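Participant: generate coordinates for the sequence data below:
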Amino acid sequence: MTERRSPGRPKGDAAGGMEPRSGERTSPPPAGRGEGGGQSRPPLAGLRVLDLTRLLPGPVATQHLADLGADVVKIEDTGEGDYARTMGARPGETSAFFRLVNRNKRALRLDLKNPEGVAVFRRLTLSADVVIEGFRPGVMDKLGLGYEALAALNPRLVFCSISGYGQDGPYAQRAGHDINYVGYAGVLDQIGTAGGPPAVPNFQIGDLLGGALAPLVGLLAAVIDARATGRGRHVDVAMTDAVFAHAVFPLAGLLARLAPPPRGADLLSGGVPCYGVYATADGRHMAVGALERKFWERLCDTLGRPDLKPFHLDFGAKGEQAKRELAAVFASKTQAEWSAIFDPVDCCVTPVLHIGEALDNAQLRARGMVVEVDGLPQLAPPWKLGDFEFAIERAAPAPGQHSEEILREAGYDADAIDKLRGRGII
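Facilitator: Numbers count the residues shown, from 1 in each chain. Okay, here's the model as predicted:
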């Protein structure tokens, strides 16, 4: 892919390793991708983000910002860097995982364990709007780069911390992964079949809902406020909080029953005939979401089983019998056959696709949700914003690929950059 760069920015007038005055920008914000090319200005053009996150979920959050036009600088240590680069990759190659979540970013290598590296970062924050980090609580403070320290330099700065359990509370210093967050939030208990154990989802609910999307709401709200008031703030996002905040249906079930909803036996987990997954003759599955009576009745008519119409929301023995009857009918044809039958019928019955099939799905293709970079299919951002045309202007960067240009924009001259490189700071 040919890299299409954003317009460059002039150097500031600060030289060498000196830090500019508090709150002073050393260079204007980027002009924005696509300007002068006939399309609208990217919504986040001019927003500069310093991204200290790695793996998941932070890189997904910052990729969303970059896709919307923000100038995202991915900062990695001078050792291994973001170890997502090598996860599942062959020696000498960059992993598909890394390439999928780091497009449209620039890359800087920086040793934050060295005081000189800390000084460079502090200088970069003077022209930044957002710092986003995913370390355990307290790590940034130990580096001398916590919110209070950076806000003293740049009062407009929005500082976003993504963690499993938040910056305070009894679990704040605990390690965790998605399975732990959804477990604590009361969501994992709801996933699975009746009588079976909780099922581990192959979709990171906590990471992607809590760590990729939730931070965007908080930090963009803080950015809007900072532009109005001149004061930034610390945005504290806990993935467990974000999952719990969206556990509306499980809580509604608890309040209605005065007991936790039974796994695999609730309205949306397989407890009624009209909402569930049914196996087909070829070992594939169809997803039935005929919750409304009109959809259920169309389903029954299409299957030639009008006798099942009374049992659409039956949780009892008759509902169980109706599910068995439906299972027998769906097992009589292949997924492709059922898809052809139900495609013209408006009743919320659809095939369960695997990810390779989803890449070729007509609806997702029509929506422009699949793009390709250097032969690698990628997932487009999920929002369409008027006449703004999403573009991949940069493939995921190599380690430190843009270090020199980023430092020049911050006012470092060639000699200062060479010295930083020679001392292993960048």
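
Participant: okay, helices next: where are they in the stretch 151-300 of the chain?
Facilitator: Per DSSP state H, counting those that start in this stretch, the stretch 151-300 of the chain carries helices over the ranges 178-184, 205, 214-229, 239-245, 248-257, 293-303.

Participant: ok, the stretch 301-426 of the chain next?
Facilitator: 317-330, 335-342, 355-359, 362-366, 403-409, 414-422.

Participant: out of those helices, which gets nearest to Ser269?
Facilitator: helix 317-330 (12.9 Å; CB to CB). For every residue, glycine as well, the C-beta is placed using N, CA and C.

Participant: contacts for the closest one?
Facilitator: 271-273, 276, 278-280, 286, 288, 303, 305, 308, 310-311, 313-314, 338 (CB atoms under 8 Å, 6 or more residues apart in numbering).

Participant: try 7 Å
Facilitator: Helix 317-330 is contacted from outside by 272-273, 276, 278-280, 286, 303, 305, 308, 311, 314, 338, using CB atoms under 7 Å, 6 or more residues apart in numbering.

Participant: in three-state terms, label Asn135 for me.
Facilitator: To be clear, residue 135 is Phe; Asn isn't right here. In three-state terms, and counting by DSSP: H, G, I helix; E, B strand; the rest coil, Phe135 is coil.

Participant: give the contact list for it.
Facilitator: For Phe135, no contacting residues are found, by CB under 7 Å, 6+ apart.

Participant: which phi and psi does it have?
Facilitator: With angles defined as degrees, to the nearest 10, Phe135 sits at phi -80, psi 170.

Participant: if I look at it, how far off is Arg41?
Facilitator: Distance, Phe135 to Arg41, by CB to CB, to the nearest Å: 33 Å.

Participant: pLDDT at the residue of the chain most remote from its centre, what is it?
Facilitator: Here the chain reaches farthest from its C-alpha mean at Asp307, the gap being 44.8 Å by CA atoms, centre = their mean. pLDDT, Asp307: 97.

Participant: distance-wise, check the residue nearest to it when sequence neighbours are not counted relative to Leu267.
Facilitator: Computed as CB to CB, 6 or more residues apart in numbering, the closest residue to Asp307 that is not its neighbour in sequence is Cys300, at 7.8 Å. According to CB to CB, Cys300 and Leu267 sit 19 Å apart.

Participant: likewise for Asp71?
Facilitator: 46 Å.

Participant: cool, and Gly169?
Facilitator: 32 Å.

Participant: who's more crowded, those two?
Facilitator: Between Gly169 and Leu267, counting by other CB atoms under 10 Å, Leu267 is the more crowded of the two (16 against 13).

Participant: angles on the backbone of the more buried one, please.
Facilitator: phi -60, psi -40.

Participant: how near is it to Cys274?
Facilitator: Taking CB to CB as the measure, Leu267 falls 9 Å from Cys274.

Participant: tell me which of the helices of the stretch 301-426 of the chain sits nearest to Asp374.
Facilitator: Closest approach to Asp374 among the helices of the stretch 301-426 of the chain (CB to CB): helix 355-359, 16.1 Å.

Participant: can you dump the C-alpha atoms of the closest one in PDB for me?
Facilitator: Taking C-alpha atoms only, helix 355-359 is exported to PDB below (Å, rounded to 0.1, in the frame of the first residue of the first chain):
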ATOM      1  CA  ILE A 355     -15.500 -15.000  10.400                       C
ATOM      2  CA  GLY A 356     -14.300 -15.900   6.900                       C
ATOM      3  CA  GLU A 357     -17.900 -16.000   5.700                       C
ATOM      4  CA  ALA A 358     -18.600 -12.700   7.400                       C
ATOM      5  CA  LEU A 359     -15.800 -11.100   5.400                       C
END
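
Participant: quick one: contacts for the spatially most central residue of the chain?
Facilitator: For the chain, the residue nearest the mean C-alpha position is Ala212 (3.4 Å; CA atoms, centre = their mean). Ala212 makes contacts with 57, 60-61, as judged by CB under 7 Å, 6+ apart.

Participant: by neighbour count, which of those wins?
Facilitator: Counting by other CB under 10 Å, Ala61 has the largest number of neighbours within these, with 28 neighbours.

Participant: my read is that that residue contacts Pro215, right?
Facilitator: Yes. At 5.0 Å, Ala61 counts as touching Pro215 under the criterion of CB atoms under 7 Å.

Participant: give me the common contacts of these two.
Facilitator: Here Ala61 and Pro215 have Ile132 as joint contacts, going by CB under 7 Å, 6+ apart.

Participant: return the distance of Asp415 relative to Gly400.
Facilitator: With CB to CB as the criterion, Asp415 and Gly400 are 18 Å apart.

Participant: so those two - more neighbours on which side?
Facilitator: Between Asp415 and Gly400, Gly400 has the larger neighbour count (other CB under 10 Å), namely 20 against 10.

Participant: in space, what's closest to that one - neighbours in sequence excluded?
Facilitator: Leaving aside its sequence neighbours, Gly400 sits nearest to Arg109 (CB to CB, 6+ apart; 3.5 Å).
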